[in-house]
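In: give me the fold of what follows.
(chains A and B)
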Amino acid sequence: MGWLSSVFCVNPLTRKGLFALLLMVLEWTRPGLSSPLRPICDLRVLDHFIKEAWDAEAALRACKDACSIATNFTVPLTRVDFDVWEAMNIEEQAQEVQSGIHVLNEAISSLQASNQTDVLQSHIDASINNIASIRQVLRSLSIPEYVPPTSDGEDKEMQKVSSISELFQVHINFLRGKVRLLLANAPVCHQGVS
Amino acid sequence: MTKMSDRLKIVFMLCLAFVTTGGQHFESKVAQLLQDETEDIKCFVELKDLTCFWEEEEERNNLQYTFTYSYENKNKMACVVSSLSLLASNKTVFFCKLPKTPFFTTLDVQVFRDGRMLYSRSLNAENYLFLDPPRNLTVLSSGKEGQLNVSWLPPLLKYMDDSMIYEVRYAVEGSNMGKVEVIKVSTMLVLLGLQSDTRYKVWVRVKPDGVAYKGYWSAWTEPVLGVTQPSDLDPLIMVLVLFIGLILCLLSMTVILSHHKFLLKKLWPDIPTPEHKFPGLFTVCKGDFKEWMSQNNSSMWGRSVQVYTEELPSPLEVLSEVSLTSHGTSQREERKPVEEDEEKESERSDSGLTDRWREPPQAHWLMEQLRALQENPQSLSQSLLVQSHDTYVTLNQNSQGDGEREVDDVFEETLPLQTLFTTTGTTSLSTSHSDLGSLQQSSGSGRLSSQSSFEYPNQTWPPKGPGYTYMAVADSGVSMDYSPMSSSRITELGRHRMYTNDYKNEIFLHKWPLFGEHNKSGSESCMGPVW
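Out: Residues are numbered from 1 along each chain as shown, chains lettered A, B, ... in the order given. Reported below is the predicted structural model:
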């Protein structure tokens, strides 16, 4: 403690000095949870998840009969109209993306419970992990978290799909489209740029 | 009115220009897809507008066609079909452009003709991007040899800058062999490993990378020429280097020539020849040493020198000298008949290895002496017998018959020996004592290799030649024993194995070959060189 106080020119003998020293030390050793994540602006991170989603979609495109199930999945809309998209502000875009991810996650997670082949299971697990990672990336960019809609508010537009291959098509299209556009335009990444 | 008409004209011209430029690209794209694409209805996205077209061979009217499309299975929409005549291939193409196509969603298109569905296709628009070639391609020579800096502008597409992949093709001007470099995202490239001072043509094309967006390769840009830097090796520098090399060669040559003798000596040393010491040996006598010897001064070497080449002569320490002049000549005459007898005898006995020793007549009295001595061993103390264990030699100068009954040795020249042997009654046997009593005269010390020169006294050696002593030298390895010998025995000795190095130590086993007994069992004497 002696060298610390000498470095910062604080006299630990007085109460004020001790308190100041303590604050400085605590500032250094801030608990991990409260510290913000470093923003992940590089789109290659998302491109990696998109590539894995491509693999899943390609694997499941071929599997039609064996992979069809009775229940329907609620999935987000993937359509992007550039004019419309550019007209939206960052919060709206964030909300659309976050709700879509949430819904996708639920749909894919519901597949985990059912009995599937090993290949399919590996793709399902990978997709769920990737969605969790994308959530972390969004959090690092200070994108607002998903807020479930209130009871009186309208739910975002969703669509329904009836097959696993369609589910994964929606998955890949959503990641390539809205999620990527949001990340590319994240304000945190453009702060230093004129 | 004129102003208005002028403005209209200008606008029309601009539109036309725009259309034609767009059309040029459009037409080329269509033409390219006609070749590459296998689908019946071909679609591509150009600047966010989706265009779908199909080829028709027969002469048709575009109004006959109905083009419908729908997104995500929703309400269908219609599109006006247009026609296009390709000038290059003289083909007619019908197409429909859908403005502001939404991405990341499924599009269903259908073509009807006269109520019948001709083509149908379902696609995602973001997978069929057909971009324009990169603009502003520039090729500049970098500061280094064999390098070119290539740069261009990316396509004007929002959100897609980082999803592009480029291909750069370059070739020497006039050559068809080109190399291709692929580069992602970056719009600048440095070409390496080029020939210096050469003109290169460079092309670039672009395509979506296939992760977020997919599409076709764009058309190649127009070739741009670039020249690489000339090589650093100037002709002037080459000439200078050659010149300096030449000068260095000349210098080294002069140095070598001036010191060639010295260098030759070092590299090719002369083999020394003894020619200068033996004048005429190699030239006149042709290497025949005997002949040369006979020609040479005889006083130096003498006639019948028996040279035993098995061993080099051991150095003999002469402690004293005796003058020969007073005695030598007188004695010579006396000895001559003796010598002749001796020689005859030696010739007779000169038949292989003979064990018998022919006693010369003079030795008869010696034998008697020996018998006498053997009967009375006590009289040996003063010795006529050589004590076998004595190992020292003394050479005393003795004049005129001092040798009679002398225990001490009188060696040296023949004279004292002659005196020894020719005087009657008295014998002084040459006793040999080796120098430096390294060994005691005792039987106990017989373990060492003391070879005494002779144990038995009955030896007569009429020496041959004037003034020379013939001595048997026993080399024990520790010291030398010198004892006189007859010249006639020398030849016999030569036949026996006298020069062995087998130093065995049973002194009593040692026997003189002079007595004709050849000791073959182990210990033999080692005789030094005999002169």
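In: show me what contacts the residue of the stretch 101-250 of chain B found nearest chain A?
Out: For the stretch 101-250 of chain B, the residue positioned closest to chain A under Cβ to the nearest Cβ is B:F104, at a distance of 3.4 Å. Bear in mind the C-beta positions are built from the backbone N, C-alpha and C, glycine included. Taking Cβ atoms under 8 Å, 6 or more residues apart in numbering or on different chains as the criterion, B:F104 is in contact with A:78-80, A:173-174, A:176-178, B:124, B:126.
In: ok, A:S127 next?
Out: A:52-53, A:56, A:108, A:168, A:171.
In: run a quick neighbour tally on the residue lying closest to the residue of the stretch 101-250 of chain B closest to chain A once chain neighbours are set aside.
Out: For B:F104, ignoring the flanking residues on the chain, the nearest one in space by Cβ to Cβ, 6 or more residues apart in numbering or on different chains is A:G177 at 3.4 Å. Other residues near A:G177 come to 24 when the count uses other Cβ atoms under 10 Å in any protein chain shown.
In: dump stretch B:25-41 to PDB, restricted to CA.
Out: Extracted C-alpha coordinates of stretch B:25-41, given in PDB (Å, rounded to 0.1, in the frame of the first residue of the first chain):
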ATOM      1  CA  HIS B  25     -23.800  -2.800 -69.400                       C
ATOM      2  CA  PHE B  26     -27.200  -4.300 -69.500                       C
ATOM      3  CA  GLU B  27     -26.800  -5.700 -72.900                       C
ATOM      4  CA  SER B  28     -23.400  -7.100 -72.100                       C
ATOM      5  CA  LYS B  29     -24.800  -8.700 -69.000                       C
ATOM      6  CA  VAL B  30     -27.700 -10.200 -70.800                       C
ATOM      7  CA  ALA B  31     -25.300 -11.500 -73.500                       C
ATOM      8  CA  GLN B  32     -23.100 -13.000 -70.900                       C
ATOM      9  CA  LEU B  33     -25.900 -14.700 -69.000                       C
ATOM     10  CA  LEU B  34     -27.300 -16.000 -72.200                       C
ATOM     11  CA  GLN B  35     -24.100 -18.000 -72.500                       C
ATOM     12  CA  ASP B  36     -23.500 -18.900 -68.900                       C
ATOM     13  CA  GLU B  37     -26.900 -19.400 -67.300                       C
ATOM     14  CA  THR B  38     -28.600 -22.600 -67.800                       C
ATOM     15  CA  GLU B  39     -32.100 -21.700 -66.500                       C
ATOM     16  CA  ASP B  40     -34.800 -20.900 -69.000                       C
ATOM     17  CA  ILE B  41     -35.700 -17.700 -67.400                       C
END
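In: of the contacts of B:F104, just say which sits nearest to A:P187.
Out: A:K178 (16.5 Å; Cβ to Cβ).
In: assumed the closest one was part of a strand.
Out: No. Looking at A:K178 with DSSP: H, G, I helix; E, B strand; the rest coil, it is helix, so not inside a strand.
In: the contacts of B:F104: which two are farthest apart?
Out: It's A:K178 and B:N124 that sit farthest apart of the contacts of B:F104, by Cβ to Cβ, at 14.3 Å.
In: and the gap between the residue of chain A found nearest chain B and B:V211?
Out: Nearest to chain B in chain A, going by Cβ to the nearest Cβ, is A:G177, at a distance of 3.4 Å. Counting by Cβ to Cβ, to the nearest Å, the gap from A:G177 to B:V211 is 13 Å.
In: swap in B:L98?
Out: Taken as Cβ to Cβ, the span from B:L98 to B:V211 is 24 Å.
In: cool, and A:S140?
Out: Remark: distance between A:S140 and B:V211 (Cβ to Cβ) = 21 Å.
In: cool, and B:W268?
Out: Look at B:W268 and B:V211: by Cβ to Cβ, they are 78 Å apart.
In: so which of the contacts of A:S127 is the most crowded?
Out: A:F168 (29 neighbours).
In: would you list every one of the helices in the stretch 151-300 of chain B?
Out: Applying DSSP state H, counting those that start in this stretch to the stretch 151-300 of chain B gives helices spanning B:235-258, B:260-267, B:289-295, B:298-301.
In: and what of chain A?
Out: A:2-7, A:15-28, A:43-62, A:82-87, A:90-113, A:118-140, A:164-174, A:180-184 (DSSP state H).
In: turn those into a markdown table, including mean pLDDT and distance to B:R113.
Out: As requested, the helices of chain A are exported to a markdown table (pLDDT from 0 to 100; distance: least, Cβ to Cβ, whole Å):
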| stretch | mean pLDDT | distance to B:R113 |
| --- | --- | --- |
| helix A:2-7 | 60 | 86 |
| helix A:15-28 | 79 | 76 |
| helix A:43-62 | 90 | 31 |
| helix A:82-87 | 92 | 33 |
| helix A:90-113 | 90 | 40 |
| helix A:118-140 | 91 | 42 |
| helix A:164-174 | 91 | 31 |
| helix A:180-184 | 92 | 38 |
